[in-house]
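**Q** sequence below, structure please.
(one chain, ligands or ions: 1)
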Amino acid sequence: LNERGTAVSLALYALCTLCGCVERDSAPGLAKERASRPRSLDPGQYWPRVAEARAVGAIERRVVRGGPGFTRLVRSDGDRIVFKDEEGTGADRLMSPEVRARLTELARLVRREWPALELRVTEAWDEDDEHGEDSLHYAGRAVDVTTSDVDPKRLGRLAGLAIETGFDWVYCERTHVHASQRE
Ligand SMILES: [Zn+2]
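**A** Residues are numbered from 1 along each chain as shown. The predicted model follows:
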């Protein structure tokens, strides 16, 4: 830039700062999206209000133990998370890295909301065909959670916390909250 160019750039920048158009693109859109996020869900409700496959993408392939994709799964060792592990295989601790990141944050929000309770995981990656045909659990992209007291009255707010955490799709089921994530 020559001197005149620099002066023009500076003037433009000053103008943009004054009128606020520098920020106009991102901030209000984000704020609007945040404001529309529900604080809790009713039983049977999901958010966003589109089919799960549209929100997070359909399952590409099932991950089987030792098969392709298995090494991408990571283990959650969150010591403030209760794992049901009814299979006794540790599968409930395995999930995609993206799901683990949100689960860790969700555990923090649960403790903030109910200091005496912890987050409880009833399902994560599923290798035993326990879900519907195209379930994201088979790819480690979904988790089912409750609070450690397993009180169904808390599920609606727990769903709200899962949304706050940034899970891409959250469903308040009768006995747990199902939350799933893009790859
Ligand atoms: Zn589920």
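**Q** and this structure, which residues reach the ion?
**A** 142, 144, 178 (Cβ under 5 Å from the ion). Where you see a C-beta, it was placed from the backbone N, CA and C, and this is true even at glycine.
**Q** on the three-state scheme, the last one is what?
**A** Classification of His178 into helix, strand or coil gives strand, according to DSSP: H, G, I helix; E, B strand; the rest coil.
**Q** before we move on, what about the second one?
**A** The three-state label given to Asp144 by three-state DSSP is strand.
**Q** residue in this protein nearest to the ion?
**A** His178 (3.5 Å; Cβ to the ion).
**Q** what about that residue, neighbour count?
**A** Taking other Cβ atoms under 10 Å as the criterion, the count of residues near His178 is 24.
**Q** would you confirm that it contacts Phe167?
**A** No: the pair His178 / Phe167 is not scored as a contact, 9.5 Å apart, by Cβ atoms under 8 Å.
**Q** what's the closest of the residues of the chain next to the ion to Glu86?
**A** For these, the residue nearest Glu86 by Cβ to Cβ is Asp144; the value is 11.6 Å.
**Q** quick one: that closest one from Thr71, how far?
**A** 23 Å (Cβ to Cβ, to the nearest Å).
**Q** those two: which is more packed in?
**A** Ranked by neighbour count (other Cβ under 10 Å), Asp144 and Thr71 place Asp144 first, with 21 against 9.
**Q** for that one, which residues are in contact?
**A** 121-124, 137, 173, 176-178 (Cβ atoms under 8 Å, 6 or more residues apart in numbering).
**Q** which two from those end up farthest apart in space?
**A** Longest span within the contacts of Asp144, Cβ to Cβ: Ala124 and Glu173, 15.3 Å.
**Q** the more surrounded of those two?
**A** Ala124 (28 against 16).
**Q** grab the nearest non-local neighbour of the more buried one.
**A** Met95 (4.4 Å; Cβ to Cβ, 6 or more residues apart in numbering).
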